[in-house]
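>>> Give me the fold of what follows.
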Amino acid sequence: MIKKYKERTVELSKNMMIKEQLLSLEAYKEIKKAETIKTDVFIGDVLEVLKILPDEIVDCVVTSPPYWKQRDYGNTSQIGQEDTYEEYIEKLSSVFNELKRVLKPTGTFFLNVGYKYQEKEMLLIPELLAHNLQKNGWALINKIIWYKPNAMPSSFESRFSNVYEPIFLFIKKESKYNYYFSLDNLRIPTSNFTNEKSPEEILGFEVRNTLLKAKKSEGIVSKVYQSKKGEILVKVKWDDDNETLEIVQDFNKDSQNTIELICQDCGGIIKNEFQLNEHSDCEGFPIPLLPENTSHENLIEISQSLPLFEIESFFSESKKSNYNGKFKLSPLNRGASPGARKSLFGEYLVLQRRYKVYQSLIASYLRYWREKKKITIKEIDEKLGYKDTAGHWFRKDSGSWGKGGSIPLPDDWFKLKEILEFDDLYDRWVTETHLVLQTVKPHPKGKNPGDVWEIKLQPLSEAHFATFPEELVKKCIEAGCPEGGLVLDPFAGSGTVGKVANELNRNSILIELVEDYLDIIKKRCKHINEIIYIK
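The predicted model follows:
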């Protein structure tokens with residue numbers, strides 16, 4: 001069999017460390033351009049290897065370091081054979097603090113550490129380590145319980161068997177509003193709660209428009225139509241006597257549609273907000289790939305028009321809920337009962353943005369045109385008749401990105417366009433709207449899987465002991481690393497993280513101290529690019 005990977009040995013010095021950082025940075029840039037999946041394996045001390053990796057290149061870390069006093073690898077640089085568990089925690093903390101430097105601002109860190117006993121006392125090593133990391137700039141997002149249904153039986157009769165271990169999910173503390181996390185591939189289908197509704201049933205529904213700055217507007221669905229493409233549209237009679245034709249979002253889909261963008265410079269496809277960072281050096285603003293405009297011609301009316309007296313009574317009568325159940329007097333407790341929430345507030349339609357808009361990109365776009373126009377934020381506020389409003393549109397910290405920024409409402413967008421004279425690039429993306437059904441219903445893609453994962457231990461004959469289960473690693477990577485991203489395991493062992501990462505179309509870096517494991521890693525990881533021995 002022909003060896004496809006490269007091998008080299010690096011004897012570290014200060015100058016060599018800088019050189020290796022630059023080489024690594026260029027290597028990962030080339031991988032991104034080529035859109036190939038690669039694994040780099042480093043054999044050496046984990047701290048020394050981390051120091052030669054460039055800043056902020058890793059999307060996700062998934063690792064299970066050696067447990068304290070569990071296995072002696074016969075190497076003087078090993079972690080896990082310290083005299084005290086306090087020393088063990090400090091040594092791991094120093095590794096993970098260096099790891100924080102190579103993790104992207106949007107990155108995630110999944111850490112599995114097991115419990116140990118000393119003189120019959122359970123040591124809370126995982127929690128103590130987690131607390132130590134919190135003091136060093138890490139934010140703990142989740143403590144996941146990994147329940148092992150096939151856990152090894154215990155011979156102890158004076159305590160219960162240990163059948164679980166924790167998996168901690170960390171992010172950088174400064175990135176609490178800006179990290180990648182996706183549940184879609186992990187969601188569990190729901191079957192015990194459905195909300196089937198035909199388009200005709202929304203005739204007479206209340207409609208609320210929250211996309212107005214001055215006031216909230218209400219209306220009623222007076223007609224229901226269907227386009228040739230099968231889209232549902234309704235005529236809404238508003239409380240100011242105006243009528244509009246609105247698209248209704250499919251009841252079984254997310255409230256906002258996600259679209260892709262194409263980079264004007266390199267032609268790359270941007271699938272999510274986090275991939276914008278990969279095009280920071282590209283010229284021009286990415287183009288949203290929007291569907292064709294919905295035609296309002298040749299619509300088929302699929303319901304009888306709402307009688308005039310019903311429309312008039314809607315605007316004249318009080319629309320308070322008729323619910324008289326136990327939650328009426330204590331509505332703050334309604335979270336315990338989906339049925340009560342539905343009865344208290346009923347079902348209605350809300351006018352929302354049709355697309356999920358990337359606020360950070362819109363802020364950059366508006367900044368460009370404001371600088372081109374040479375106008376201050378204060379002057380924009382004055383022209384619009386606002387006070388301390390426009391400034392939020394130019395900030396890059398909104399929603400998942402933070403708290404301060406916001407996207408202009410559709411009406412404000414067009415007013416701002418007259419002032420800044422920007423082009424039409426993002427007009428549809430920012431301003432198109434549709435109606436979303438507000439009711440108690442399950443997530444269209446399934447429910448959140450929760451923080452208790454039942455996953456069996458997975459034996460590996462070559463390693464002669466149970467390894468990190470592939471299913472567990474798969475969950476972590478799918479949740480914490482975008483497709484095509486880079487996963488790091490600083491304690492690679494038999495290479496499970498690299499194997500799973502490659503199968504999920506992610507690149508990987510594996511760091512392993514014990515060279516004896518290299519043959520197993522080679523056998524399991526099919527996309528090894530380079531093996532680097534650090535001396």
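>>> For the residue sitting nearest the centre point of the chain, which three-state class applies?
By Cα atoms, centre = their mean, the chain has its centre lying nearest to residue 181, at 2.2 Å. Under DSSP: H, G, I helix; E, B strand; the rest coil, residue 181 falls in the coil class.
>>> Over to residue 434?
strand.
>>> what residues are up against it?
246-249, 351-352, 354 (Cβ atoms under 8 Å, 6 or more residues apart in numbering). (Glycine included, C-beta is placed from N, CA and C.)
>>> Identify the bridge partners of it.
residue 352 (DSSP bridges).
>>> Look at it and report its pLDDT.
On the pLDDT scale, residue 434 is placed at 96.
>>> how close does it get to residue 356?
Distance of residue 434 to residue 356, given as Cβ to Cβ, to the nearest Å: 12 Å.
>>> Same list, the contacts of residue 434, but as TSV with distance to residue 387 please.
Supplementary listing: those in TSV, determined by distance: Cβ to Cβ, whole Å:
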residue	distance to residue 387
246	31
247	34
248	36
249	34
351	26
352	26
354	30
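>>> just those now: which is nearest residue 124?
Distance to residue 124, by Cβ to Cβ, is smallest for residue 352 among the contacts of residue 434, at 45.5 Å.
>>> Surely the closest one is in contact with residue 255?
Yes - if you go by Cβ atoms under 8 Å, residue 352 and residue 255 touch, sitting 6.1 Å apart.
>>> Give me the common contacts of those two.
Common neighbours of residue 352 and residue 255, using Cβ under 8 Å, 6+ apart, are residue 436.
>>> okay, the two: which has more neighbours?
Taking neighbours as other Cβ atoms under 10 Å, residue 352 and residue 255 compare with residue 352 leading, 18 against 15.
>>> Quick one: residues contacting residue 506.
So, once contact is read as Cβ under 8 Å, 6+ apart, residue 506 ends up touching 37, 59-60, 477, 481, 483-487.
>>> farthest pair in these?
Longest span within the contacts of residue 506, Cβ to Cβ: 37 and 60, 14.6 Å.
>>> So which of those two has more stuff around it?
Shown here are residue 37 and residue 60; by other Cβ under 10 Å, residue 60 has more neighbours (28 against 18).
>>> Now that one: closest residue in space, sequence neighbours ignored.
Excluding its sequence neighbours, the residue lying closest to residue 60 (Cβ to Cβ, 6 or more residues apart in numbering) is residue 481, at 3.6 Å.
>>> quick one: contacts for the one you found?
59-60, 108, 180, 487, 501, 506.
>>> Kindly state the beta-bridge partners for residue 219.
Where residue 219 sits in a bridge, its partners, by DSSP bridges, are residue 207, residue 238.
>>> re earlier: of the contacts of residue 434, which is the most crowded?
residue 354 (24 neighbours).
>>> hey, where'd the helices end up in the stretch 101-250 of the chain?
125-134 (DSSP state H, counting those that start in this stretch).
>>> In it, where is pLDDT below threshold?
Low-confidence segments of the stretch 101-250 of the chain, defined by pLDDT under 70: 191-196.
>>> Which residue ranges of it form strands?
For the stretch 101-250 of the chain, the strands defined by DSSP state E, counting those that start in this stretch occupy 103-112, 116-118, 121-123, 138-147, 164-172, 206-209, 217-226, 232-238, 243-248.
>>> So which of these is nearest residue 493?
strand 103-112 (11.6 Å).
>>> Give the other helices and strands that that closest one contacts.
strand 58-63, helix 85-102, strand 164-172, helix 470-480 (3 or more Cβ pairs under 8 Å, 6 or more residues apart in numbering; DSSP states H and E).
>>> List the buried residues for that strand?
103-104, 106-112 (16 or more other Cβ atoms under 10 Å).
>>> One more: stretch 511-518?
Buried residues in stretch 511-518, counted by 16+ other Cβ under 10 Å: 511-513, 517-518.
>>> what's the answer for stretch 171-186, then?
Quick answer for stretch 171-186 (16+ other Cβ under 10 Å): 171-172, 175, 178-180, 186.
>>> Name the surrounding residues that touch it.
Against stretch 171-186 from outside (Cβ under 8 Å, 6+ apart): 59-60, 100, 103, 105-109, 137-139, 141, 272, 274, 397, 399-403, 445, 448-449, 475, 478-482, 485.
>>> what mean pLDDT would you report for the longest helix along the chain?
Secondary structure of the chain per DSSP state H: the longest helix is helix 14-34. In this model, helix 14-34 carries a mean pLDDT of 78.
>>> need the next SSE after that helix, C-terminal direction.
strand 39-43 (DSSP states H and E).
>>> Summarise which helices and strands that next one is packed against.
helix 496-503, strand 507-512, helix 518-524, strand 528-534.
>>> The third one: how far from the chain's middle?
What that stands for is helix 518-524. Chain-centre distance of helix 518-524: 31 Å, with Cα atoms, centre = their mean, to the nearest Å.
>>> Now that helix: buried residues?
518, 520-521, 524.
>>> Now those in TSV, please, with extra columns for pLDDT.
Formatted as TSV, the buried residues of helix 518-524 follow (pLDDT from 0 to 100):
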residue	pLDDT
518	94
520	93
521	94
524	93
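>>> Among the residues you listed, which one lies nearest to residue 19?
Distances from residue 19 to the buried residues of helix 518-524, taken by Cβ to Cβ, are shortest for residue 518, at 23.8 Å.
>>> Give me the distance between that closest one and residue 46.
Residue 518 is 15 Å from residue 46, by Cβ to Cβ.
>>> follow-up on the earlier one: TSV for the buried residues of helix 518-524, including distance to residue 263?
Shown next, in TSV, are the buried residues of helix 518-524 (distance: Cβ to Cβ, whole Å):
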residue	distance to residue 263
518	39
520	40
521	35
524	35
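>>> Show me which of those is closest to residue 287.
residue 524 (41.0 Å).
>>> for the closest one, what are its contacts?
Contacts were defined as Cβ under 8 Å, 6+ apart; by that measure residue 524 touches 494-496, 498-499.
>>> So it versus residue 28, what's the distance?
Relative to residue 28, and taking Cβ to Cβ, residue 524 is found at 22 Å.
>>> likewise residue 240?
Counting by Cβ to Cβ - residue 240 and residue 28 are separated by 56 Å.
>>> Between these two, which has more neighbouring residues?
Neighbours were tallied for residue 240 and for residue 28 using other Cβ under 10 Å; the higher tally belongs to residue 28 (19 against 9).
>>> Number of residues surrounding the closest residue to the more buried one other than its chain neighbours?
Leaving aside its chain neighbours, residue 28 sits nearest to residue 57 (5.5 Å; criterion: Cβ to Cβ, 6+ apart). By the criterion of other Cβ under 10 Å, residue 57 has 20 neighbours.
>>> For the buried residues of helix 518-524, work out which two are farthest apart.
Spatial extent of the buried residues of helix 518-524 (Cβ to Cβ) is set by the pair 518 and 524 at 11.0 Å.
>>> so what's residue 513 up against?
Counting by Cβ under 8 Å, 6+ apart, residue 513 makes contact with 43-46, 73, 75, 77-78.
>>> Go through these and name the one nearest residue 86.
Residue 86 has its nearest neighbour among the contacts of residue 513 in residue 78, at 17.4 Å by Cβ to Cβ.
>>> State the distance from the closest residue to that closest one other than its chain neighbours to residue 13.
Excluding the flanking residues, the one nearest residue 78 by Cβ to Cβ, 6+ apart is residue 513, at 6.2 Å. Going from residue 513 to residue 13 by Cβ to Cβ gives 20 Å.
>>> Next: residue 367.
The spacing between residue 367 and residue 13, counted by Cβ to Cβ, is 43 Å.
>>> And the two? Which one has more around it.
residue 367 (14 against 9).
>>> hang on, isn't the more buried one packed against residue 393?
No - using Cβ under 8 Å, residue 367 makes no contact with residue 393, being 9.3 Å away.
>>> Tabulate the buried residues of stretch 171-186 (CSV), appending distance to residue 260.
Output for the buried residues of stretch 171-186, formatted as CSV (distance: Cβ to Cβ, whole Å):
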residue, distance to residue 260
171, 25
172, 27
175, 24
178, 21
179, 21
180, 16
186, 22
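>>> and which of those residues is nearest to residue 417?
After measuring those against residue 417 - Cβ to Cβ - the closest member comes out as residue 178, at 28.0 Å.
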